[in-house]
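*Asks:* how would this look folded up:
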Amino acid sequence: MQRRAGSVALALAIGIGGSIEGAVRTYLDANGLADIQIRELAHEGRLPPEGFYRLLGRLHEIKQEFTDLGVTEVHLFYKGPVTLAMGIGSILDNWIPVKVYELNKETGTYVFNFTLGKGAVLEVLREVAEAGEDLVMSALTRRPEESDVK
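*Replies:* Numbers count the residues shown, from 1 in each chain. Below you'll find the model as predicted:
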């Protein structure tokens, strides 16, 4: 993954249930991103839903710190509840490119999934919608003898 000249990239490691900083450092080092600093937001043990808002408030503060530092790209690593992930996505969307990584449970290493922000997700949805529209039009214009339904 190349970064453009003049870009400032940081990693954000959010671990609910414990720190994931070691696994994130391992991934960054193994993928040519050893120069990226990691900011960690971790909570030991189970985080009850009523604690989500406090954590999201801390994330909002980190986002402001990153903005003040001139960060142009964030590598987001997350371990925690899916419902909290939605809140994290809503805070980080349409800000700067946020590269989202997922832990592959079979290999125990992170893999890049997609980029969140600056319309990237909307562009993918537009492409999917266009592909879906083509599928619908194809099905509507298919001759009866081509039908899969018998």
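
*Asks:* Contact partners for the most centrally placed residue in the chain?
*Replies:* When Cα atoms, centre = their mean is applied to the chain, the residue found nearest the centroid is residue 100 (2.6 Å). Applying Cβ atoms under 8 Å, 6 or more residues apart in numbering to residue 100 gives the contacts 76, 78, 112-116. In short, each C-beta sits where N, CA and C put it, glycine included.

*Asks:* Same check on residue 69?
*Replies:* Contacts of residue 69 by Cβ under 8 Å, 6+ apart are 8, 10.

*Asks:* what does the strand or helix carrying residue 11 contact?
*Replies:* Taking DSSP states H and E as the definition, residue 11 sits inside strand 9-17. Strand 9-17 is touched from outside by 3, 19-21, 24, 28, 33, 36-47, 55, 59, 62, 66, 69, 71-81, 84, 88, with contacts defined as Cβ under 8 Å, 6+ apart.

*Asks:* Can you name the element that comes right after it?
*Replies:* Downstream of strand 9-17 (by DSSP H and E), the next one is helix 21-30.

*Asks:* Can you tell me what sits against that next one?
*Replies:* 11, 13, 15, 33-34, 36, 38, 40, 42, 75, 77, 101, 103, 108-110.
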